[in-house]
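A.B. asks: Predicted structure and sequence below. I'll ask about it afterward.
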Amino acid sequence: MRSAFAPRQRPRRLWLKVHRWLGLSLGIVLLVAALSGSAMLLAEPLDEALDRALFHVPDASSVDYRAVVERLKAELGPDADITLRPPREEQESFQAHVRGSWKGTVYLHPASGEILGRRDEAEGVMGVLFALHSNLLAGETGRAALTLAAFAYLLMLVSGVCLWWPKRWHRALSIRWSAGAYRAVFDWHRVTGIVFAAVVLGAVASGAYMAWPPLARTVSILGDAAPALPPAVTGGPPVAEVVERVVARARAAFPDAVVGYVQVPARPDRPLRVRLRLPDDPHPNGLTSMWLHPDSGEHIRTDRWSELDPGTRAYAYVYPLHTGELWGLPWMILVFVAGVVLATHAVTGLLLWWRRR
């Protein structure tokens with residue numbers, strides 16, 4: 001009897017070891033990523049409410065790109081790469097994301113260019129959570145660890161499904177609360193893992209796609225298309241008048257689009273880029289790009305989001321899938337719950353392992 005029983009148990013024991021040791025080795029990474037991701041969904045409106053003076057400008061009635069860029073150039077110097085985020089709602093401040101000797105966000109009055117305040121990239125509730133979620137506060141090393149944890153989760157998911165696969169299907173999704181604490185925790189770990197598997201997989205896989213650029217390049221190669229590189233130009237650094245002109249040109253070319261970002265590079269061989277969100281683009285910031293000359297504002301090239309290479313075009317869906325914005329409030333709630341479930345799996349998995357020891 002024992003010899004006939006043992007071979008059937010070998011695959012299960014193998015999957016159990018895979019599931020257990022992947023969880024013990026990388027579970028803490030998934031725990032931090034899950035908790036910080038879910039917290040970000042709640043922290044953004046809370047952050048704006050606590051520091052309302054940075055985000056809310058009650059007397060803003062217009063946007064003056066010239067005033068904003070002139071003030072930023074005077075404040076930051078010529079060596080800073082600046083990505084402008086104009087207001088998308090009424091009475092919203094103008095934001096400028098800066099990369100240079102200092103990295104962070106400057107908040108300005110959209111009409112006058114007056115600086116309302118600034119934050120380092122890891123300052124404030126959202127800054128800390130984003131840095132924790134995107135790189136574990138460890139730069140490229142943290143990104144690599146998150147990518148590794150994402151691939152490990154795929155194996156954990158496969159092994160978890162194999163361990164869950166029931167002999168009696170009427171108990172497949174039952175949690176026996178009256179069978180003792182250990183059994184209840186075990187059933188909860190097992191059942192919630194299978195119920196939320198697809199949503200958690202979507203969140204983890206989309207996060208890995210954004211954290212590890214080779215994935216997007218691989219998708220483009222498989223689709224027999226190469227990513228479009230920014231056009232090279234010769235000229236001087238862009239001035240405030242040109243920035244205002246290129247935004248007006250982009251609005252004229254796409255009157256139904258929302259201006260997501262305006263990238264103002266410090267290097268003279270880089271063009272200005274206006275990112276636009278077209279009505280049919282699911283990306284909340286838009287992936288359509290207009291490239292313009294930094295000296296004259298002359299139009300160089302337009303890359304519509306739906307015509308990009310497959311790897312880059314996928315970001316239009318991958319990003320809002322990960323942030324919960326793809327299908328509105330119901331999906332955002334589901335993503336939040338999935339993040340909490342993933343975090344509790346790390347805790348319950350550790351408790352189950354410790355109890356068996």
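C.D. replies: Right, received. Where do you want to start?
A.B. asks: Please make it C-alpha for all contacts and neighbour counts, starting now.
C.D. replies: Noted.
A.B. asks: was I right about Leu22 contacting Ala152?
C.D. replies: Yes: Leu22 lies in contact with Ala152 (Cα atoms under 8 Å); the separation is 6.5 Å.
A.B. asks: who's more crowded, these two?
C.D. replies: Neighbour totals were compared for Leu22 and Ala152, and Ala152 leads with 19 against 16 (other Cα atoms under 10 Å).
A.B. asks: How much space separates that one from Leu30?
C.D. replies: Ala152 sits 10 Å away from Leu30, going by Cα to Cα, to the nearest Å.
A.B. asks: cool, and His109?
C.D. replies: For His109, the distance to Leu30 equals 39 Å [Cα to Cα].
A.B. asks: Equivalent analysis for Gly328, please.
C.D. replies: Applying Cα to Cα to Gly328 and Leu30 gives a distance of 25 Å.
A.B. asks: Is the residue nearest to Leu201 when sequence neighbours are not counted in a helix, a strand, or coil?
C.D. replies: Spatial nearest neighbour of Leu201, excluding adjacent residues (Cα to Cα, 6 or more residues apart in numbering): Leu154 at 7.5 Å. With DSSP: H, G, I helix; E, B strand; the rest coil as the basis, Leu154 sits in helix.
A.B. asks: Low-confidence stretches in the protein?
C.D. replies: With pLDDT under 70 as the threshold, the chain has low-confidence stretches at 1-9.
A.B. asks: mind redoing it with 50?
C.D. replies: 1-7 (pLDDT under 50).
A.B. asks: Where do the strands of it begin and end?
C.D. replies: With DSSP state E, the ranges of strands along the chain come out as 81-85, 94-99, 104-108, 115-120, 258-264, 272-277, 288-292, 299-303.
A.B. asks: Same list, these, but as a markdown table with distance to Leu201 and mean neighbour count please.
C.D. replies: Formatted as a markdown table, these follow (distance: least, Cα to Cα, whole Å; neighbours: other Cα atoms under 10 Å):
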| stretch | distance to Leu201 | mean neighbour count |
| --- | --- | --- |
| strand 81-85 | 31 | 21 |
| strand 94-99 | 31 | 23 |
| strand 104-108 | 31 | 22 |
| strand 115-120 | 32 | 16 |
| strand 258-264 | 29 | 22 |
| strand 272-277 | 27 | 27 |
| strand 288-292 | 28 | 24 |
| strand 299-303 | 31 | 14 |
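A.B. asks: coming back round to it: so how far is Pro320 from the residue nearest to Leu201?
C.D. replies: The gap separating Leu154 from Pro320 is 21 Å, by Cα to Cα.
A.B. asks: higher neighbour count, these two?
C.D. replies: Neighbour comparison, Leu154 and Pro320: the larger count goes to Pro320, with 20 against 14 (by other Cα under 10 Å).
A.B. asks: Would you check that that one makes contact with Pro282?
C.D. replies: Yes: with contact defined as Cα under 8 Å, Pro320 reaches Pro282; the gap is 7.4 Å.
A.B. asks: From Leu108, how far off is Arg251?
C.D. replies: Applying Cα to Cα, the value for Arg251 to Leu108 is 22 Å.
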